[in-house]
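S.K.: below: sequence and its predicted model.
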Amino acid sequence: MAAERILIVDDEESMCQYLTIMLQKEGFEVVAVRSGVDALREAKARKFDLAISDVKMRELDGIQVLSGLKAIDPDMPVIIMAAYASQKTAIDAVNKGAFHYLIKHAKNDEIKMVVNNAIQMRRARTDSSGSGTPRAPYKRDAGDAKMIIGKGHGMQKLFEMVEKIAPTDSTILIHGESGTGKELVARAIHFRSGRAGAAFVSINCGALPESLLESELFGHVKGSFTGAIRDKEGLFKVATGGTFLLDEIGETSPAIQVKLLRVLQEKEIIPVGGTSPIKIDVRVIAATNRDLEQEVAHGNFRADLFYRLNVIPLLLPPLRDRREDIPLLVYHFLRKCKPDTKDVTQSITKDAMQILVDYDWPGNVRELENIIERSVILQGGNLLDVNDLPEILTRRTTAAGGKKLFEGGPKVTLEELEKEYLVTVLNETGWQKKKASSILGINASTLYRKIQRYGLDKGTVLHD
C-alpha cells in the first residue's frame, strides 16, 4: 500500500525541514516547496492526500494557496499554519474550506493528531465515493496502541480494564493529569475493538475557540455565517463507524456541552446553520485532566453530560505514583532517540537514572519523553549522565529542608504544585512561552490559560 503524500508549503526552509522530518517518520511521503506558486504547480502535476501551508508568504499567501488547491482538488484537506494565533485569520481559513488552523509552535503530538484526522477524512471520502482503492487504517496507529508501558499493579489493572471494555460500545471517560497518556489509552481501546477497521479521530477541545470548535465537531452548511461559502463536514461525520476522542472535554463551553449531550442521547448531530439531524455511528471516548465532579458542583460542567460520559471511568495514575515504570520508560525513549544503539541500558549512568526515578514529574510521561529527547540531543558523548539532565530535575526533586515533596512536610494541593511548577519553568526559560510549553508538554494555548487562571506574571516568585 502506497504511503499518503503530503504537500508542505512554507517560505521558511527550517519549517519545511522540520515538518518533512516529522511526517516522514510517521510514514508519509512528503514534498516541500517554498512558495504558493510552486505549490499549485505541484498540485497540478500529481495527486496529494493533504496540504499544509503557512499563512504568511510572498507572492501568494496561505489563504490564496488554499483557494487554489481547492480549485484543483476540492476534496483535498488543507491545514493552515500561522506563527501567531489570530481568530480572524482562523475563521477566514476555515470558511474558505481549510480542514484546520494550527499555530506553528503547536506540540508535535497536536500536529500529528490534526494530520491523522485529515488523512482519515480523506480516506472516508475516498471510500464513500468509490473512487480509488479503499485504504486500511494507518499502520502506525495500531503500533502506537501497543506502546503503553508499565509493570506496576496500577498499570496492570488498567491493562486488564482496557481488554475488558474495548469490545463494548460503551462511552468511556478517561481521567488523568496532563501527560499521563490518555490518548494512547484511547487508541488502545479503539484498536482492540470491533471498530478497529474504521477511523480513530481525536480533537483537543481546549485548543480552539468555541465558534471554530463547533464547526470542527459538527460541520456547517453553506451560508450559515459570513464567509461560509461551502458545506463543511464535521469530525463526528469523519469518525463514522469508528471512535472519536474528545480530549480536554472539561474545557468546552455550556453551548458545546448541550450539543455533545444530544450526540450521546440521540446519536445524531446538526451542523452549524443546519436544520436536519444527521445520524451517526461513533463510539465516544472523552478525556480530562480536571475533576469533572468538582466542575459540576461549581456549575462549570453539565451534570447530565457528565453522567452520560462517565459510563465507564478510567483513571490513569500520575508518573510519581508508578516510579517502578520510570526505568522502563527511560529505556523506551532512549531507543526512540538512539535507534542504532544495541543496548540502551548502557546509555545512561546509574546516578542519572536515580535522579529521573526520584523526580516527581508534574508533566508526567510527556515531560519525561521531552527531557530524554532534549538531553540526548544536547549531550556531548554517548553516555547520558547527571550533567546532561536539566537543572530543574535536581532542584525540584527535593523540597525545602531536603524532604521529598510528596513524602514529608506539609501536604500541598495539585493546584499549588502545578502553579509552583509553572512559575519555575517560566522563570527558568525567561518567560519564553514557546520554550516553556515545550518543557511542560502542553500546547501554548493551554499554557496561556493556566497563566491567566493563576494570575501569573514575570514578577511572580516562589515562596521558600
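M.R.: That came through, no problem.

S.K.: check contacts around Cys205.
M.R.: Taking C-beta atoms under 8 Å, 6 or more residues apart in numbering as the definition of contact, the neighbours of Cys205 are Leu213, Leu246, Asp247, Glu248, Ile249, Glu251, Thr252, Ile256. Yep, even glycine has a C-beta here, placed from its N, CA and C like the rest.

S.K.: again, only using 7 Å
M.R.: Taking C-beta atoms under 7 Å, 6 or more residues apart in numbering as the definition of contact, the neighbours of Cys205 are Leu213, Leu246, Asp247, Glu248, Ile249, Glu251, Thr252.

S.K.: so where's the stretch 151-300 of the chain shaky on pLDDT?
M.R.: 225-229 (pLDDT under 70).

S.K.: what do you get if the cut-off is 90, keeping everything else the same?
M.R.: Counting by pLDDT under 90, the stretch 151-300 of the chain contains low-confidence ranges at 151-156, 178-179, 196-199, 202-216, 219-234, 237-238, 272-275.

S.K.: what about the helices in it?
M.R.: Counting by DSSP state H, counting those that start in this stretch, the stretch 151-300 of the chain forms helices over residues 153-165, 182-191, 210-218, 235-238, 254-266, 292-297, given from the N-terminal end onward.

S.K.: which stretch among those comes nearest Leu328?
M.R.: Comparing the helices of the stretch 151-300 of the chain by their distance to Leu328 (C-beta to C-beta), the top pick is helix 153-165, with 10.0 Å.

S.K.: what angle separates that closest one from helix 182-191?
M.R.: Calculated by axes from the mean of the first three to the mean of the last three C-alpha atoms, to 10 degrees, helix 153-165 forms an angle of 30 degrees with helix 182-191.

S.K.: neighbouring contacts of helix 153-165?
M.R.: By C-beta under 7 Å, 6+ apart, the list of residues contacting helix 153-165 reads Ile172, Val185, Ala188, Ile189, Arg192, Ile312, Leu314, Leu316, Pro317, Asp321, Arg322, Asp325.

S.K.: from those, which two are the most distant?
M.R.: Arg192 and Asp321 (24.7 Å).

S.K.: of those two, who's got more company?
M.R.: Neighbour totals were compared for Arg192 and Asp321, and Arg192 leads with 18 against 12 (other C-beta atoms under 10 Å).

S.K.: who's in contact with the residue lying closest to the more buried one once chain neighbours are set aside?
M.R.: With C-beta to C-beta, 6 or more residues apart in numbering as the measure, Ala166 is the residue that lies nearest to Arg192, at 3.6 Å, once sequence neighbours are left out. By C-beta under 7 Å, 6+ apart, the contact set of Ala166 is Ile189, Arg192, Ser193.

S.K.: what's the answer for Leu50, then?
M.R.: Contact analysis of Leu50 by C-beta under 7 Å, 6+ apart lists Glu4, Ile6, Met76, Pro77, Val115, Ala118, Ile119, Arg122.

S.K.: the residue positioned nearest the centre of the chain sits in which helix or strand?
M.R.: For the chain, Glu110 is the residue whose C-alpha lies nearest the centre (C-alpha atoms, centre = their mean; 3.6 Å). Secondary-structure element containing Glu110, defined by DSSP states H and E: helix 108-129.

S.K.: residues contacting that helix, please?
M.R.: The contact list for helix 108-129 (C-beta under 7 Å, 6+ apart) reads 4, 22-23, 26, 49-50, 75, 77, 79, 99-100, 102, 132, 134-135, 138, 199, 201-202, 204, 207, 233, 235, 238, 443.

S.K.: show me which of the contacts of Ala166 is closest to Lys419.
M.R.: Proximity of those to Lys419 (C-beta to C-beta) peaks at Ile189, which lies at 32.6 Å.

S.K.: report the contact partners of that closest one.
M.R.: Listed by C-beta under 7 Å, 6+ apart, the contact partners of Ile189 are Val162, Ile165, Ala166, Ile172, Ile285.

S.K.: among those residues, who's most crowded?
M.R.: Ile285 (28 neighbours).

S.K.: returning to that earlier point: what's the angle from the helix holding Glu110 to helix 210-218?
M.R.: With the same axes, to 10 degrees as the basis, helix 108-129 and helix 210-218 are set at 40 degrees to each other.

S.K.: so how do I select the buried members of the contacts of Cys205 in ChimeraX?
M.R.: In ChimeraX, a selection of the buried entries from those looks like this (16 or more other C-beta atoms under 10 Å):
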select :213,246,247,248,249,251,252
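
S.K.: distance to Glu367 added to the contacts of Cys205, as a markdown table?
M.R.: Compiled in a markdown table, the contacts of Cys205 are given as follows (distance: C-beta to C-beta, whole Å):
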| residue | distance to Glu367 |
| --- | --- |
| Leu213 | 26 |
| Leu246 | 23 |
| Asp247 | 17 |
| Glu248 | 17 |
| Ile249 | 22 |
| Glu251 | 20 |
| Thr252 | 25 |
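
S.K.: let's see which of the contacts of Cys205 end up in strands.
M.R.: Among the contacts of Cys205, the ones falling in strands (DSSP state E) are Leu246, Asp247.

S.K.: of the contacts of Cys205, which is the nearest to Lys342?
M.R.: Of all the contacts of Cys205, the one with the least separation from Lys342 (C-beta to C-beta) is Asp247, at 36.8 Å.

S.K.: so the closest one makes contact with Asn204?
M.R.: Yes - the criterion here is C-beta atoms under 7 Å, and Asp247 meets it with Asn204 at 4.9 Å.

S.K.: if we can go back for a sec, rounded mean pLDDT for the helix holding Glu110, please.
M.R.: With pLDDT averaged residue by residue, helix 108-129 scores 75.

S.K.: list the buried residues of stretch 449-456.
M.R.: Of all the residues in stretch 449-456, those buried under the rule 16+ other C-beta under 10 Å are Lys450, Ile451, Tyr454.

S.K.: show me which of these is closest to Glu420.
M.R.: Proximity of the buried residues of stretch 449-456 to Glu420 (C-beta to C-beta) peaks at Tyr454, which lies at 9.8 Å.

S.K.: grab the nearest non-local neighbour of the closest one.
M.R.: Nearest to Tyr454 is Lys419, by C-beta to C-beta, 6+ apart, at 4.8 Å.

S.K.: how about Phe218?
M.R.: Closest residue in space to Phe218, ignoring its immediate chain neighbours: Gly234 at 4.3 Å, by C-beta to C-beta, 6+ apart.

S.K.: ramachandran coordinates for that neighbour?
M.R.: Backbone dihedrals for Gly234, given as degrees, to the nearest 10, come out at phi -80, psi 170.

S.K.: I'd say it and Leu217 touch.
M.R.: Yes - counting by C-beta under 7 Å, Gly234 touches Leu217, with 5.3 Å between them.

S.K.: surely Glu268 touches Asp281?
M.R.: No - proximity of Glu268 to Asp281 does not meet the contact threshold set by C-beta under 7 Å, at 10.3 Å.

S.K.: so which of the helices of the stretch 151-300 of the chain is nearest Thr349?
M.R.: When those are ranked by proximity to Thr349, the top entry is helix 153-165, at 26.1 Å, counting by C-beta to C-beta.
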